[in-house]
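S.K.: A structural model of the following input is requested.
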Amino acid sequence: MLENPRSPRVRSVAKLAKKAARVESGMFLLEGPQAVAEALNFRPELVQELFGTPTALDRYPEIAEAAEEADVPFEFVTEQVLNAMADTVTPQGFIAVCRVFPTALKDIFAGEPKLIAILEEVRDPGNAGTIIRAADAAGADAVILTGRSVDLYNPKVVRSTTGSLFHLPIAIDVELEDVRLRVREAGMQLIAADVKGEDMLEARSSGLLAAPTAWLFGNEARGLSEEKLALAERSVMVPLYGQAESMNLATAASVCLYESAFAQRSTTLQ
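M.R.: Residues are numbered from 1 along each chain as shown. The predicted structure is shown next:
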C-alpha cells in the first residue's frame, strides 16, 4: 500500500493535473469509479496504473475484477495519498493514469459520419466535457476540438465527460479551415450554432437537420467570429421562449445535437 503522500511516485501522478506534465508524459488523470469503470470496459489498453482505497474497493469490487481481467496494475493507497494525487477536493476512491489517445482527423472522416460536434475556442472545461457527453448520448460519430479550445485531457474536462471520453472518436489541436474541407469532402453540411441564425423550428420544418451534419459551436462569451461563421453554409439559433437572458453553451449544443439525431432517425424510420 502507498502510504506516503510526499513520495516521488505520488507526486508524479499529481503532476498530471498540469498540461505540461501531460504533454511530456503522454498521460492524463482519471478520477472516480464511474470514469474508471468506463475506461476499463471500453478502452482498457489505455489504463496504465490504477490506485484505490480499500474502502472504495469494498464498495466497487467489479472495478478490481475488470482491472485484473485487463491486466492493469492495481495498488492500494491511503486516503491521504489519494487526496495528494487527485485534482478534486474530495476524490471518490479511485484514480487511474491513462495514456492520451486523440484520433486523427482523417480517421474521423474515413467512414461515413452523419453527426459531428466541432468545438471552436470553447474554453470552459465543464462546457467542453458536457458537449462531449451530449454528443455521445445523441449518437454522434465524433467530436473535434480545434487548437483554440480547452485541452481535452484537462482533469475538469475528463470528469465532465463522465466516461464518454472513451466512447467516441475525438480529434484535437486541428485548424477549423482543415475541418471544413474534410466536412465538405465527406458530403456533410457545416451548420454554425449562432444567436443571429435562423430559428431552429424553421430548420426542423425544412428538413435541413436530417442531412449529415457537422455542428460548429463557438466561444462561451464571444460566440463565433464573422470569419468563422463564414465557413459554415448556414447558422441556426436555439430560440429563448422564456425570460432567460441567454442559454449555456453546453445546453444549447445538446439541443442542436439532439435535433439532428431526431431528424436523422425519423428519416430512417420512414
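
S.K.: Going by C-alpha atoms from here, please, whenever you check contacts or count neighbours.
M.R.: Fine.

S.K.: measure stretch 215-229 end to end?
M.R.: Criterion Cα to Cα, to the nearest Å; first-to-last residue distance in stretch 215-229 is 12 Å.

S.K.: next one: that stretch to chain centre, how far?
M.R.: Offset of stretch 215-229 from its chain centre (Cα atoms, centre = their mean, to the nearest Å): 18 Å.

S.K.: need the contact list for residue 220.
M.R.: Contacts of residue 220 were listed using Cα atoms under 8 Å, 6 or more residues apart in numbering, and they are 122, 123, 124, 248, 249.

S.K.: how about a cut-off of 7 Å?
M.R.: 122, 249 (Cα atoms under 7 Å, 6 or more residues apart in numbering).

S.K.: start at 413 instead
M.R.: Got it, first residue is 413 now, which makes that one residue 632.

S.K.: For residue 664, see how far away it is.
M.R.: 11 Å.

S.K.: Does residue 463 touch residue 489 like I think?
M.R.: Yes - using Cα atoms under 7 Å as the test, residue 463 is close enough to residue 489 to be in contact (6.4 Å).

S.K.: did I read that right, residue 584 in a strand?
M.R.: Yes - assigned with DSSP: H, G, I helix; E, B strand; the rest coil, residue 584 falls within a strand.

S.K.: how about residue 444, what does it touch?
M.R.: Residues in contact with residue 444 (Cα under 7 Å, 6+ apart) are 503, 504, 505, 506, 507.

S.K.: can I get those in CSV with distance to residue 547, secondary structure and neighbour count?
M.R.: Putting the contacts of residue 444 into CSV (distance: Cα to Cα, whole Å; DSSP: H, G, I helix; E, B strand; the rest coil; neighbours: other Cα atoms under 10 Å) gives the following:
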residue, distance to residue 547, secondary structure, neighbour count
503, 26, coil, 17
504, 25, coil, 18
505, 28, coil, 23
506, 26, strand, 26
507, 25, strand, 26
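
S.K.: can you redo those residues as a markdown table with pLDDT and distance to residue 541?
M.R.: Output for these, formatted as a markdown table (pLDDT from 0 to 100; distance: Cα to Cα, whole Å):
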| residue | pLDDT | distance to residue 541 |
| --- | --- | --- |
| 503 | 87 | 18 |
| 504 | 90 | 19 |
| 505 | 94 | 21 |
| 506 | 96 | 20 |
| 507 | 96 | 18 |
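
S.K.: ok, those vs residue 513, which is closest?
M.R.: Closest approach between the contacts of residue 444 and residue 513, by Cα to Cα: residue 507, at 17.9 Å.

S.K.: Roughly how far does the nearest residue to that closest one once chain neighbours are set aside sit from residue 464?
M.R.: Residue nearest to residue 507 in three dimensions, not counting chain neighbours: residue 443, with 4.6 Å by Cα to Cα, 6 or more residues apart in numbering. Going from residue 443 to residue 464 by Cα to Cα gives 10 Å.

S.K.: Dihedrals phi and psi, residue 414?
M.R.: phi -80, psi 120 (degrees, to the nearest 10).

S.K.: Tell me the predicted confidence for it.
M.R.: We have a pLDDT of 91 for residue 414.

S.K.: Return the per-residue confidence for residue 523.
M.R.: So residue 523 comes in at 86 (pLDDT).

S.K.: ok, now the one 3 residues further on?
M.R.: What the model reports for residue 526 is a pLDDT of 97.

S.K.: Near the closest residue to it other than its chain neighbours, how many other residues are there?
M.R.: Nearest residue to residue 526, sequence neighbours excluded (Cα to Cα, 6+ apart): residue 624, at 4.2 Å. The burial count assigned to residue 624 is 21, neighbours taken as other Cα atoms under 10 Å.
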